[in-house]
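> Let me see the structure of the following:
(one chain, ligands or ions: 1)
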Amino acid sequence: VNVSSKVSVKPRDKLLGGLLTADFDEDSCLSRYQSSLYRKPSPYNTSQYLVSKLRNYEMLHKRCGPGTDAYKIATKKLGHDHNMNVGDKSVGECKYIVWVAVYGLGNRILTLASVFLYALLTDRIILVDQRKDISDLFCEPFPGTSWLLPLDFPLMGKIDSFDREYSRCHGTMLKNHTINSTTIPSHLYLHLLHDYRDQDQRFFCQKDHSLVDKVPWLVVKSNLYFIPSLWLNPSFQPELIKLFPQKDTVFYHLARYLFHPTNQVWGMVTRSYNAYLSRADEILGIQVRVFSRQTKYFQHVMNQIVACTQREKLLPETAAQEESQVTNTTKPPKLKAVLVTSLNPGYSNNLKNMYWERPTSTGEIVKVYQPSGERFQQTDKKLHDQKALAEMYLLSLTDKLVTSAWSTFGYVAQGLGGLKPWILYTPKKFKTPDPPCGRGVSMEPCFLTPPAHGCGAKKGINTAKIVPFVRYCEDLRHYGLKLV
Ligand code: GDP
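Now for the predicted structure:
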């Protein structure tokens, strides 16, 4: 008998169905080709159209990226900061969009994915502001080039001051009627933050986009997962449908393509996984995010976690001590590992005690593990951000996932993992909500503050009713939008 034929010999899909290029050196970024060792085979196919679009993008990025003649020409124009006439040949062949790091890491990851998809759709090059710790977190995603915006970029000194009042802010120019169709500014600032105005939101509208499309340099600050609004733009929709025939897999594919933790972060992921999770029969992830000034321990949140996991049969109930005397020694008990992430270590400590002090009613063994307890948010501190990324990634490796409503940290974990989460609803008045949690309708992140109005003249249009695949989010009823 051929022994090897007995075991599953399906080869490991290192390149994730062609999503990843084979053109990288493996050692410089172990996570890129090793991630498949830690995940089950993906149930979601990558469309061949997406694969070819990515390979074309990679070529374009190589041609236009930092250090190329095209990049030099494009930045030189920017230095003069003059308006160009339509039809001016000097516009150049490469257009760029610069992503600036703002808000926490979850927000940053969602906006990077959004900006990258926008770049794919509009044949722009994405460049990322590297002054924060982005290169300590992620490997380069495109082969033979760099996505890091060079530090001598002409606008570098001004970027931090870009805001809604900036004269080259797209929304401000629309508001002041300083945009006309004969001259194109050499750069525009896009204000896509939660406090954006109607005029800023017109960036998503087909009608206003033709000018934006001609501007060689866009600089964007965003804390929004704005991909659902791209789907609502008729000029992008046909292309998006070809790229993502399964609409709720947009972030899933983009994240697996773009975000490869550096070796340092990957070491944290794999050490945690191998030490605490790999031997379990099932892994449950619980992401606890309490939005309050103090990240102190709240009993009503603890009660909510227990109520949710027991009601949804994610964790066994505990039994009275006496019932546990008979143990079946012939069959080893099932081992459930619970990975808890939170700024506060109290929730996992209590869960751990609960399963230590009493047996489970099912005989299962529950072990609880929380990698870090950072106490408070310390965005832009290298090790803190690395731990945050390692934990999002670890959550994405679980079998089932409980997340906290409104948290982009949890959105990244669910999207990357392809997991439809159970969402812990936001407590009101310091009380455990009833029901404590509910199942998400898709693994996609929520666009928490979408444009309030449609692009037409009609005000107050219901943006969740325009197409069937863009709906209200479960955790933000009648407001946020998500792809399903
Ligand atoms: P959001 O505020 O929940 O949408 O998520 P963000 O990731 O944008 O911002 C929260 C930040 O707080 C994270 O990036 C981390 O710096 C920190 N943080 C929050 N929860 C956790 C956690 O469970 N583990 C770790 N390591 N950091 C966390």
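> From now on I want contacts and neighbour counts done on CA atoms only, so please keep to that.
Noted.
> beta partners of the closest residue to the ligand within the stretch 201-350 of the chain?
Nearest to the ligand, among the residues of the stretch 201-350 of the chain, is residue 342, at 3.2 Å (CA to the nearest ligand atom). Applying DSSP bridges to residue 342 yields these beta-bridge partners: residue 288.
> What of residue 98?
residue 127, residue 219.
> What's the separation between the closest residue in space to residue 251 that isn't next to it in sequence and residue 128?
Excluding the flanking residues, the one nearest residue 251 by CA to CA, 6 or more residues apart in numbering is residue 415, at 5.9 Å. From residue 415 across to residue 128, the span is 22 Å (CA to CA, to the nearest Å).
> higher neighbour count, these two?
Ranked by neighbour count (other CA atoms under 10 Å), residue 415 and residue 128 place residue 415 first, with 26 against 21.
> Only C-alpha atoms, please: export the helix or strand the more buried one falls within in CSV.
Here residue 415 sits within helix 408-417, counting by DSSP states H and E. Coordinates of each C-alpha in helix 408-417 appear next as CSV, following Å, rounded to 0.1, in the frame of the first residue of the first chain:
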residue,chain,number,x,y,z
THR,A,408,-12.5,48.1,13.1
PHE,A,409,-10.1,45.9,15.0
GLY,A,410,-12.7,43.2,14.9
TYR,A,411,-13.6,43.9,11.3
VAL,A,412,-10.1,43.3,10.2
ALA,A,413,-10.0,40.0,12.0
GLN,A,414,-13.3,38.7,10.6
GLY,A,415,-12.5,39.9,7.1
LEU,A,416,-9.0,38.4,7.0
GLY,A,417,-10.3,35.1,8.5
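> How about residues contacting it?
105-107, 109-110, 249, 251-253, 255-256, 287, 392-398, 401, 403-404, 420-421, 443-446 (CA atoms under 8 Å, 6 or more residues apart in numbering).
> Distance from the chain centre to the helix or strand that it is followed by, please.
Once helix 408-417 ends, the next helix or strand along the chain (criterion: DSSP H and E) is strand 422-424. Centroid displacement of strand 422-424 relative to its chain, using CA atoms, centre = their mean, to the nearest Å, is 17 Å.
> Parallel or antiparallel, which strands does the next helix-or-strand element following strand 422-424 pair with?
For strand 422-424, the following helix or strand on the C-terminal side (DSSP H and E) is strand 437-439. Counting by DSSP bridges, the strands paired with strand 437-439 are strand 422-424 (antiparallel).
> how close does the closest residue in space to residue 385 that isn't next to it in sequence sit to residue 387?
Counting by CA to CA, 6+ apart, residue 385 lies nearest to residue 379, which is 6.2 Å off, once chain neighbours are set aside. Distance of residue 379 to residue 387, given as CA to CA: 11 Å.
> near the ligand, which residues of the stretch 151-300 of the chain?
Residues of the stretch 151-300 of the chain lying close to the ligand by CA under 6 Å from any ligand atom are residue 289.
> just the helices in the stretch 151-300 of the chain please.
156-159, 170-175, 198-201, 206-212, 227-231, 237-243, 250-258, 263-272, 299-311 (DSSP state H, counting those that start in this stretch).
> Counting by contacts, list what the longest one packs against.
When you say that, I think you mean helix 299-311. Counting contacts by 3 or more CA pairs under 8 Å, 6 or more residues apart in numbering; DSSP states H and E, helix 299-311 packs against strand 422-424.
> remind me which residues of the stretch 201-350 of the chain are low pLDDT?
Per-residue confidence of the stretch 201-350 of the chain (counting by pLDDT under 70) places the weak regions at 322-329.
> Just to check, residue 382 is in contact with residue 138?
No. In this structure, residue 382 is not within contact of residue 138 by CA atoms under 8 Å, at 12.0 Å.
> Which residues does residue 187 form beta bridges with?
Beta-bridge partners of residue 187, as defined by DSSP bridges: residue 217.
> Do you know the pLDDT at it?
Looking at residue 187, its pLDDT reads 95.
> Can you name the residues that contact residue 192?
Residue 192 touches 200-201, 220-224, counting by CA under 8 Å, 6+ apart.
> what does the stretch 301-450 of the chain put close to the ligand?
For the stretch 301-450 of the chain, the residues in contact with the ligand (CA under 6 Å from any ligand atom) are 341-343, 372, 377-379, 385, 387-388, 407-409.
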